[in-house]
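Peer 1: fold the following and give me the result.
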Amino acid sequence: MRAPLLPLLFVAAVAQAQPPALTLEQLPRPTMPPGERGPVVPAQVERWRQEAKALEYGDGVPRNEVAAAKLYCRAARYGDAEAQYSLGWMLTNARGIQRNDAEAAHMFAAAAEQGMEQAQNMLDRMGGTPLGDPPPCLRPPETDPAPVLPPPVAQRGAKPVSLWATLPLPAQAPPAIVNYVKLVAPEYQLSPALVLAVMAQESGFDPLAESPKKAQGLMQLMPDTAARFNVIRLRDPSQNIRGGMAYLRWLLAYFEGDVMLALAGYNAGERAVDRYLGVPPYAETRLYVRKIMAAVGGQRLHPFDAKVTGASPMLQRVKAQMQVIQAR
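Peer 2: Model (predicted):
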């Protein structure tokens with residue numbers, strides 16, 4: 001017995017009206033959002049993340065995963081760990097966008113490095129440390145100043161320039177600490193203003209300060225950093241200050257006098273600065289750098305001793321990229 005013609009025609013019409021299911025490769029790939037034009041404050045970053053979450057889940061607005069991914073990307077670049085995790089999850093699960101496990105691993109790594117446990121769990125499931133360069137959504141934002149060119153060779157190991165000598169010292173710094181830093185800083189070719197600005201941010205001049213990560217003392221030295229610079233007694237204020245100065249001197253040589261990169265290295269480690277080609281996408285590090293840079297009047301260059309260590313290979317990469325951009 002033949003099937004009725006009308007139902008068959010109806011089924012065919014419905015099937016023709018429905019779009020075919022997309023494969024993973026056919027899902028949209030969100031483009032990078034445009035660079036920001038002005039300063040970005042933490043409240044703006046939080047708004048991006050909240051708007052992205054609403055768009056991802058259709059909470060009060062039409063669901064739009066691609067728009068959500070773009071906003072997560074914006075927030076991720078400025079160090080928002082939750083946005084980094086959410087974008088990694090979208091990339092891993094192809095939630096409305098193309099799956100990309102390599103980029104997702106970098107997102108989970110950035111969030112894990114900021115202490116997010118579930119991000120570390122996801123990273124462990126994916127095999128651990130991600131390979132290759134971080135994706136664009138973790139590169140330093142356009143609002144970050146580019147690395148500065150070092151001074152002429154003749155000035156690199158000189159005494160701190162006059163601009164550093166005229167900077168005001170922290171008003172809350174105890175006189176005994178100020179006098180000691182003024183006495184010892186020249187041995188390390190450092191400006192007392194820079195050392196005291198770092199100390200103010202690190203410990204608030206409390207010699208007994210200890211962070212949850214076990215950084216200790218006035219300069220908040222980690223045990224491995226202390227060992228690296230021959231600090232035996234971390235609680236000894238003199239040894240602690242000297243160890244911090246030795247590390248600052250090393251970082252300034254490694255980043256060719258770029259104060260912003262040296263500060264980022266002091267907080268997050270020089271390897272993180274190298275990997276992310278600038279200030280890492282960690283909220284704490286970005287705030288740390290901004291506060292100390294404000295305390296030293298925005299001075300970007302500090303004299304350094306090139307004999308202390310070789311320059312970071314990242315600097316040449318970043319400068320080459322800058323030349324390509326300027327040539328366009």
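
Peer 1: and for the helix or strand containing D124, what's in contact with it?
Peer 2: Using DSSP states H and E, the element containing D124 is helix 117-125. Contact with helix 117-125 is made by 81, 84-85, 88-89, 92, 104-105, 107-112, 130, as judged by CB atoms under 8 Å, 6 or more residues apart in numbering. Glycine gets a C-beta too; all of them are placed from N, C-alpha and C.

Peer 1: and for stretch 101-116?
Peer 2: 76, 79, 81-82, 84-85, 87-89, 91-92, 119-120, 122-123, 126-127, 129-132, 134-135, 137-138, 272, 280-284.

Peer 1: quick one on the thing from earlier: quick one: which of the contacts of helix 117-125 is nearest G58?
Peer 2: For those, the closest approach to G58 (CB to CB) belongs to W89, at 16.3 Å.

Peer 1: model confidence for that closest one, exactly?
Peer 2: Here, the pLDDT recorded for W89 equals 96.

Peer 1: in the strand or helix carrying Y247, what's buried?
Peer 2: In the assignment (DSSP H and E), Y247 maps to helix 237-254. Using 16 or more other CB atoms under 10 Å as the burial criterion, the residues of helix 237-254 that qualify are 237, 239-254.

Peer 1: state the mean pLDDT of it.
Peer 2: Helix 237-254 shows a mean pLDDT of 97.

Peer 1: mind listing what's buried in the helix or strand encompassing V66?
Peer 2: Assessed by DSSP H and E, V66 sits inside helix 65-77. By neighbour count with 16+ other CB under 10 Å, helix 65-77 contains the buried residues 65, 67-77.

Peer 1: low-confidence bits of the stretch 51-200 of the chain, can you list those?
Peer 2: 149-162 (pLDDT under 70).

Peer 1: switch the cut-off to 90
Peer 2: The stretch 51-200 of the chain contains residues with pLDDT under 90 at 127-129, 131-132, 141-163, 165-166.

Peer 1: in it, what residue spans correspond to helices?
Peer 2: For the stretch 51-200 of the chain, helices defined by DSSP state H, counting those that start in this stretch occupy the ranges 65-77, 81-93, 101-113, 117-125, 153-156, 162-165, 175-184, 192-203.

Peer 1: using TSV, lay out the ones you listed together with distance to A320.
Peer 2: Shown next, in TSV, are these (distance: least, CB to CB, whole Å):
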stretch	distance to A320
helix 65-77	21
helix 81-93	27
helix 101-113	22
helix 117-125	30
helix 153-156	21
helix 162-165	29
helix 175-184	38
helix 192-203	29
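
Peer 1: how about those, which one is nearest Q216?
Peer 2: Per CB to CB, nearest to Q216 of the helices of the stretch 51-200 of the chain: helix 192-203, 8.9 Å.

Peer 1: what lies in contact with that closest one?
Peer 2: 164-165, 167-170, 172-173, 177-178, 181-182, 185, 205, 209, 215, 217-220, 241, 244-245, 248, 259, 263, 266, 288, 291-292, 295-296, 302.

Peer 1: skip ahead from the helix holding Y247 and say which helix or strand is next.
Peer 2: With secondary structure assigned by DSSP H and E, helix 237-254 is succeeded by helix 259-268.

Peer 1: quick one: list the elements packing against that next one.
Peer 2: Contacts defined by 3 or more CB pairs under 8 Å, 6 or more residues apart in numbering; DSSP states H and E place helix 259-268 against helix 192-203, helix 237-254, helix 270-276, helix 283-295.

Peer 1: between it and helix 283-295, how big is the angle?
Peer 2: Angle, helix 259-268 to helix 283-295, by axes from the mean of the first three to the mean of the last three CA atoms, to 10 degrees: 140 degrees.
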